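Q: pasting a predicted model and its sequence here:
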Amino acid sequence: MANRLAGCSSPYLRQHSQNPVHWQPWDEDALSGAKRLDAPIFLSVGYSSCHWCHVMERESFENAGIAELLNRSFVSIKVDREEMPDLDDAYMTAVQISTSRGGWPMSLFLTPDGRPFFAATYLPREMFASVITQIAEAWKTRRSEIEEIADALSKAVTEYRSAPPPASKEPVDWSCIEAWVERILSQFDTVHAGFGSRPKFPPHSAIRLLLFMAEKRNHDAAWDAASKTLDAMMKGGIHDHAGGGFHRYSVDEKWLVPHFEKMLYDNALMMTNYATASKLGSRADYALTASRIAQWMFREMIDDHGCFFSAIDADSQGEEGAFYTWTYNEAAEVLGSGADSVLKRYNFELNGNYLDEAQQRKNGRNILHLSPNDEFRRDDALDALLRARSLRPPPATDDKIITAWNGLAISGLVHAGFIAEAKRAADYLLSCGDPEHLLIQNRFALGKNLDIALFVQALLDLDDAVPKSGCRAHAINLYSSMKASFHDDVHGGWRFNPKSQSNMFGNPKPVLDSPIPSGNGVMILNALRLGDIQTASQDLRALRGWCESLPHATETLILAAAAFLNQGNSLQAEPDVQVLARTWFENDQMKAEIEVRSPDGWKFNRPLQAEAAAPFETRVQGSRIFVESSGQASGAAPVEIKISWQICTDSECLLPETASFQLQWEHPRLVHLKRENDG
């Protein structure tokens, strides 16, 4: 009997509709039911092409014993992370805080009101059964302890997601950019390329930044790292040599053994980077790689309207990679008389070259890949393998149309020269309605920061390629709509959700790149392209501390800063506001006059605000603040006063600031205590 997931639009949720677990989607019925029953929630978050999600389903969610344990004591909720990215982000933070790692599937236990008290990722069946049993018992016998854990973890999640940028008043100039780039390059793997060690994900944002530095600043080391990484991925097993496109990531440091799911966003970003590098380095092999990504998308990922599906699964016939890998004899039979040279070129081994991640032994199958010194080129012999594998049972395709990812695809197609196909996809998205409705349909991800940001970027890329296409006007309209809904005009930066919405863990400003570029980095780049220099300047001032603190995770933000400077703009060190005071006694009252002076070329953007502890009162008159005791003076103890201001020029505003000072009467002077950012 099907559970409540049977009627969901998400292919991932429908995959679980026949599980014996009484799954429910994340909706009001499920949440109110948990509260009514006072039952804890088991929350499982994943996505359709996630290999370990399928493993946990086979091991646990299809198991009658596990289902009976869950159904007896919990309200079980399934979430497609691609449909609810805000929820995924919040609960992933809980997993990372609890375990110091993250990944999918996420497995969390929540109080009926949604506060997490246990957070993990994949759990083998025996361990999962033990966890379920222990939590069910603890809910009955140690409820107060669970509530304390839930309160503490929820507080930690909210504080982490709401953390202000690291303080920085320094200028942003080319020396800063180059210093941040050097710190990124310090993590370059000089042996296998890429950054860090295993597992290795394609470093999309880092490569884009490095290519920009190579082009605009003649940065040889940036080109060297970018091109070597592009070479290694292009020749490695992460690349689908027979069919085009790239798998999600490599489980080893050599780019040989991938997790075999294929994501639209990865391939779109790869297409952009390979196409960009092909022009910068006059590399025909990079252009071919970008073109083959596009051809794979047209063959396997496109819908009737010209938009693109979100992902293709890693598994088929219950085995990861079965669709893409070959035994030596299978491939030899397909290739026929020319088999020997092809098998040698793509490093086939009689016993297989595929080291299974879970088993840590070769499984008899082969992953096509080139040796580092081999040339990547068009190889017609591989067409036979492509035709033969098309007869195999294919992995499932997740046919969700996600606006953000389609935006990346449109940009990639433009860079690779497929303008008509890019325009067709953009036109269909635009035909779905005005900006308020375009991104809130069942087949589209909800209207989050990245959806609009990356679609605006795509429209601007199309406008660059076809200047009179009308795309710029659409981009301006979407940008304006997004600015009204998402931008923090006071403190700078772009929110994850519209300002009118938030969840129990706040509404953060995403600055860190995941595989997908950060929303704030993309929106600053969009602002620059649309001539909104004041917003770009404000946002860079607000967020630049993250670049200094985490350059290896903020490459798109650094790229935005570099693009800002490349336009001839400047971001100088923040000037200091002077605060002067005199104090005196008059008719047994303690009085003071404070003058707040803006720096040359700056002015106050809003009236000063001042607050003093009782029994003192404040009165603001222009740039002066008058303070006096409301009654007879009873002594000359120092009094703390807080003053708030914001200063602007004609082209930019600094963040609002609040400073605390001590007024002293024995020796008339003003002592600065501290200054805190208002944001």
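A: Sure, I can see it. These numbers come from a predicted model, not from an experiment.
Q: just name the shakiest helix or strand of the protein by mean pLDDT.
A: None of the helices or strands of the chain scores lower by mean pLDDT, DSSP states H and E than helix 435-438, at a mean of 45.
Q: continuing past it, what's the next helix or strand?
A: Downstream of helix 435-438, the next assigned helix or strand under DSSP states H and E is helix 449-465.
Q: that next one: what's the following helix or strand?
A: Next along the chain after helix 449-465, taking DSSP H and E as the criterion, comes helix 471-486.
Q: residues in contact with the closest residue to residue 78 other than its chain neighbours?
A: The shortest distance from residue 78 to any non-neighbouring residue, by C-beta to C-beta, 6 or more residues apart in numbering, is to residue 23 (4.8 Å). The way it works is simple: take the backbone N, C-alpha and C, and place the C-beta from them, glycine included. Contacts for residue 23 (C-beta atoms under 8 Å, 6 or more residues apart in numbering) come out as 3, 4, 5, 13, 16, 17, 76, 77, 78.
Q: mind listing which of these are in strands?
A: Among the contacts of residue 23, the ones falling in strands (DSSP state E) are 76, 77, 78.
Q: top of the residues you listed by neighbour count?
A: Highest neighbour count within the ones in strands among the contacts of residue 23: residue 78, with 28 neighbours (other C-beta atoms under 10 Å).
Q: geometric centre of this protein: which residue is closest?
A: residue 514 (4.2 Å; C-alpha atoms, centre = their mean).
Q: any low-confidence regions in this protein?
A: For the chain, the stretches flagged by pLDDT under 70 are 1, 357-359, 433-448, 502, 631-636, 665-679.
Q: ok so, going back, so which of the ones in strands among the contacts of residue 23 is the closest to residue 489?
A: Of all the ones in strands among the contacts of residue 23, residue 489 sits closest to residue 77, with 36.0 Å by C-beta to C-beta.
Q: my read is that that closest one contacts residue 42, right?
A: Yes. Using C-beta atoms under 8 Å, residue 77 is in contact with residue 42, at 7.1 Å.
Q: what about stretch 620-637, how long is it end to end?
A: In stretch 620-637, first residue to last residue: 23 Å (C-alpha to C-alpha, to the nearest Å).
Q: what of stretch 96-115?
A: End-to-end distance for stretch 96-115: 15 Å, by C-alpha to C-alpha.
Q: residue 352: how many residues sit nearby?
A: Neighbourhood size, residue 352 [other C-beta under 10 Å]: 19.
Q: name the element it belongs to?
A: Using DSSP H and E, residue 352 falls within no helix or strand.
Q: for residue 353, see how far away the nearest residue to it once chain neighbours are set aside is.
A: Of all residues not flanking residue 352 in the chain, residue 364 sits nearest, at 4.3 Å (C-beta to C-beta, 6+ apart). Remark: distance between residue 364 and residue 353 (C-beta to C-beta, to the nearest Å) = 10 Å.
Q: equivalent analysis for residue 395, please.
A: Relative to residue 353, residue 395 is positioned 21 Å away (criterion: C-beta to C-beta).
Q: and for residue 629?
A: Taking C-beta to C-beta as the measure, residue 629 and residue 353 are separated by 83 Å.
Q: which one of the two is surrounded by more residues?
A: Higher neighbour count among residue 629 and residue 353: residue 353, with 22 against 19, using other C-beta under 10 Å.
Q: tell me the contacts of the nearest residue to the more buried one once chain neighbours are set aside?
A: Spatially, and ignoring its direct neighbours in sequence, residue 353 is nearest to residue 366 (5.2 Å; C-beta to C-beta, 6+ apart). Contacts for residue 366 (C-beta under 8 Å, 6+ apart) come out as 325, 326, 327, 328, 331, 346, 347, 348, 349, 352, 353, 354.
Q: next, count neighbours for residue 293.
A: When neighbours are counted by other C-beta under 10 Å, residue 293 registers 29.
Q: now the one 5 residues further on
A: Residue 298 has 15 neighbours, counted by other C-beta under 10 Å.
Q: just confirm it contacts residue 422, I think it does.
A: No. Residue 298 is beyond contact range of residue 422, at 11.6 Å (criterion: C-beta under 8 Å).
Q: pull the contacting residues for the spatially closest residue to residue 651 that is not a sequence neighbour.
A: Counting by C-beta to C-beta, 6+ apart, residue 651 lies nearest to residue 534, which is 5.6 Å off, once chain neighbours are set aside. Contact analysis of residue 534 by C-beta under 8 Å, 6+ apart lists 651, 652, 653.
Q: using a markdown table, lay out the ones in strands among the contacts of residue 23 together with distance to residue 560.
A: Shown next, in a markdown table, are the ones in strands among the contacts of residue 23 (distance: C-beta to C-beta, whole Å):
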| residue | distance to residue 560 |
| --- | --- |
| 76 | 42 |
| 77 | 37 |
| 78 | 36 |
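Q: can you pick out the most distant pair from the contacts of residue 23?
A: 17 and 77 (13.8 Å).
Q: show the subsequent helix or strand relative to the helix or strand hosting residue 415.
A: Using DSSP H and E, residue 415 sits in helix 403-416. For helix 403-416, the following helix or strand on the C-terminal side (DSSP H and E) is helix 419-431.
Q: show me what that next one packs onto, helices and strands only.
A: Other elements packing on helix 419-431 under the criterion 3 or more C-beta pairs under 8 Å, 6 or more residues apart in numbering; DSSP states H and E are helix 403-416, helix 449-465.
Q: just name the most buried of these.
A: Highest mean neighbour count of the helices and strands packed on helix 419-431: helix 403-416, a mean of 28 (counted as mean count of other C-beta atoms under 10 Å).
Q: burial count for residue 539?
A: Neighbours of residue 539 under the rule other C-beta under 10 Å: 28.
Q: residue 175 too?
A: For residue 175, the count of nearby residues is 9 (other C-beta under 10 Å).
Q: from the contact counts, what lies against the one helix or strand it maps to?
A: Using DSSP H and E, the element containing residue 175 is helix 174-185. Applying 3+ C-beta pairs under 8 Å, 6+ apart, we find helix 174-185 packed against helix 204-217, helix 220-235, helix 533-549, helix 555-566.
Q: in it, what's buried?
A: Neighbour-count burial for helix 174-185 flags 176, 177, 180, 181, 184, 185 (criterion: 16 or more other C-beta atoms under 10 Å).
Q: and the closest residue to the fourth one other than its chain neighbours, what is it in contact with?
A: If you skip the residues right next to it in sequence, residue 181 has residue 213 as its closest partner in space, 5.8 Å away by C-beta to C-beta, 6+ apart. With contact taken as C-beta under 8 Å, 6+ apart, residue 213 is in contact with 177, 178, 181, 219, 222, 562.
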